[in-house]
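1. the sequence and its predicted three-dimensional model are supplied below.
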Amino acid sequence: MNSKQVAEIFIEQNVLQPSQADDVLNEATLNGKTIAQAMVDGGFVDENGFYQTIADALGAEYVDLTDKEISLAVLKLIPSGLARLHRALPIGLSGKTLRVALVDPLDPRAAEDLRFALGKDVDVVVAPTEQIEERIKQHYGTDTSSMEDILKQLGDAGELLQIRGEDGAAAAEAEANATPIIRFVDLILYQAIQDRASDIHFEPFENEFKIRYRVDGALYEMSPPPRHLALPVISRVKVMANMNI
């Protein structure tokens with residue numbers, strides 16, 4: 001969460017005076033603490049009080065996940081790559097509304113992206129950051145595979161990932177939904193977001209396949225994947241965008 005934005009919330013909620021907020025921000029910056037740690041260490045709130053104040057400011061519910069049971073059916077509503085990408089944990093479903101705990105509930109883009117990707121209404125709840133991250137790790141794992149590891153896996157299965165002309169759109173969609181392709185595209189998107197890229201270029205040529213990011217106006221090329229991955233990868237992007245592949 002953005003520390004300055006959090007400090008403003010606590011000033012508005014009359015938990016901090018402006019001078020106290022400045023002290024908390026300096027403490028967080030100088031000692032490498034999160035804004036939550038700095039406020040708890042300063043004796044202004046306890047952990048529950050910190051997140052309850054955030055929830056009150058957002059008009060959202062505060063949920064302690066310590067003993068919260070989450071069904072497998074609910075967890076499956078958000079794909080693992082999407083959950084890790086947006087640091088989002090689904091905790092319940094009511095009709096067409098999915099209740100989601102976000103590591104950063106102050107970021108409106110995460111909720112909007114989830115609504116678009118899932119085709120469901122999303123109700124954001126507030127929960128302790130460490131609890132959300134631990135549950136995401138527990139239920140979705142950690143994407144520790146390097147790009148090289150995934151490319152090797154895709155290379156080993158290369159003959160299964162080559163679209164044959166006679167198979168048409170059905171084969172293209174099947175390959176786009178293959179687990180290695182999903183993981184590969186998720187990792188590309190994750191890396192681009194981490195690097196704060198403004199756009200990604202998927203560039204298939206006759207004998208090579210380039211993927212480039214634009215960061216601060218300059219294009220940077222990642223390690224080029226095998227040429228035969230061009231169509232499955234591009235088909236995957238089209239599937240994610242609900243385009244006709």
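-> Perfect, thanks for sending it. Numbering: from 1, shown residues only.

2. for the chain, which segments count as helices?
-> In the chain, the helices defined using DSSP state H lie at 3-12, 18-31, 35-41, 47-58, 72-75, 80-86, 108-118, 129-140, 147-156, 168-176, 179-194, 230-240.

3. turn those helices into CSV, including distance to L219 and mean pLDDT.
-> Bear in mind the C-beta positions are built from the backbone N, C-alpha and C, glycine included. Output for the helices of the chain, formatted as CSV (distance: least, CB to CB, whole Å; pLDDT from 0 to 100):
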stretch, distance to L219, mean pLDDT
helix 3-12, 32, 92
helix 18-31, 33, 91
helix 35-41, 35, 92
helix 47-58, 38, 94
helix 72-75, 37, 92
helix 80-86, 22, 78
helix 108-118, 24, 84
helix 129-140, 31, 90
helix 147-156, 18, 61
helix 168-176, 25, 72
helix 179-194, 12, 80
helix 230-240, 18, 88
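
4. among these, which comes closest to F205?
-> helix 230-240 (8.5 Å; CB to CB).

5. can you lay out the helices of the chain as JSON lines showing mean neighbour count and distance to L98?
-> Putting the helices of the chain into JSON lines (neighbours: other CB atoms under 10 Å; distance: least, CB to CB, whole Å) gives the following:
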{"stretch": "helix 3-12", "mean neighbour count": "17", "distance to L98": "25"}
{"stretch": "helix 18-31", "mean neighbour count": "14", "distance to L98": "32"}
{"stretch": "helix 35-41", "mean neighbour count": "19", "distance to L98": "25"}
{"stretch": "helix 47-58", "mean neighbour count": "18", "distance to L98": "17"}
{"stretch": "helix 72-75", "mean neighbour count": "13", "distance to L98": "8"}
{"stretch": "helix 80-86", "mean neighbour count": "19", "distance to L98": "12"}
{"stretch": "helix 108-118", "mean neighbour count": "15", "distance to L98": "7"}
{"stretch": "helix 129-140", "mean neighbour count": "17", "distance to L98": "15"}
{"stretch": "helix 147-156", "mean neighbour count": "15", "distance to L98": "28"}
{"stretch": "helix 168-176", "mean neighbour count": "16", "distance to L98": "24"}
{"stretch": "helix 179-194", "mean neighbour count": "18", "distance to L98": "19"}
{"stretch": "helix 230-240", "mean neighbour count": "19", "distance to L98": "18"}
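
6. dump the ones you listed into JSON lines; add distance to G95 as well.
-> Output for those, formatted as JSON lines (distance: least, CB to CB, whole Å):
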{"stretch": "helix 3-12", "distance to G95": "30"}
{"stretch": "helix 18-31", "distance to G95": "40"}
{"stretch": "helix 35-41", "distance to G95": "33"}
{"stretch": "helix 47-58", "distance to G95": "21"}
{"stretch": "helix 72-75", "distance to G95": "13"}
{"stretch": "helix 80-86", "distance to G95": "21"}
{"stretch": "helix 108-118", "distance to G95": "14"}
{"stretch": "helix 129-140", "distance to G95": "23"}
{"stretch": "helix 147-156", "distance to G95": "37"}
{"stretch": "helix 168-176", "distance to G95": "29"}
{"stretch": "helix 179-194", "distance to G95": "28"}
{"stretch": "helix 230-240", "distance to G95": "25"}
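
7. residues in contact with P18?
-> I11 (CB atoms under 8 Å, 6 or more residues apart in numbering).

8. got it, and D195?
-> Here D195 is in contact with Y213, V215, Y220 (criterion: CB under 8 Å, 6+ apart).

9. mind redoing it with 10 Å?
-> By CB atoms under 10 Å, 6 or more residues apart in numbering, D195 lies in contact with Y213, R214, V215, D216, Y220, M222.

10. which pair in these spans the largest distance?
-> D216 and M222 (16.4 Å).

11. show me which of the two is the more surrounded one.
-> M222 (16 against 9; other CB atoms under 10 Å).
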